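Q: Got a predicted structure plus its sequence, pasted below:
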Amino acid sequence: MDFPRGSNNGVFRPEEFEVVKQVFESVTSEEWFIRSEKRREQFASYLLDAYRNGLTDPFELRTLGRAAARERFAIH
C-alpha cells in the first residue's frame, strides 16, 4: 500500500510516536495477531512508514493498520 509522501524527515516527536505506539499495542494485542517477534517488528515498521508518509490521523492509522495486519499478520 502506498501512502502520500509527507515532509517529515523521519524523526518523530514524542506525541507522534505515542500515536503509533498506541495503534501498535492495540492491534498486536488482538487475539488473531500472530505472536511472533518478527511479525511484530514488521507491523511496527509498517505503522512507522505509514505515519511518516502522511497517515497521521489516529483513527485512520488504526483502521488501515488493523486491516493491513489482518491481511498480513493474522493467524489463519
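A: Received the coordinates, thanks.
Q: Please count neighbours and contacts with C-alpha atoms only from this point.
A: Noted.
Q: Mind listing what's buried along the helix or strand containing Y51?
A: Using DSSP states H and E, Y51 sits within helix 37-52. Neighbour-count burial for helix 37-52 flags 39-40, 43-44, 46-52 (criterion: 16 or more other CA atoms under 10 Å).
Q: Just the closest of those to I75, please.
A: R39 (11.2 Å; CA to CA).
Q: Could you check how far the residue lying closest to L61 once chain neighbours are set aside is from A74?
A: In space, L61 comes closest to L55 once its chain neighbours are excluded; the distance is 6.0 Å by CA to CA, 6 or more residues apart in numbering. Counting by CA to CA, to the nearest Å, the gap from L55 to A74 is 22 Å.
Q: Equivalent analysis for Q42, please.
A: Taking CA to CA, one finds Q42 at 13 Å from A74.
Q: What is the helix holding Y51 packed up against?
A: Helix 37-52 is packed against helix 14-28, helix 58-72, with contacts defined by 3 or more CA pairs under 8 Å, 6 or more residues apart in numbering; DSSP states H and E.
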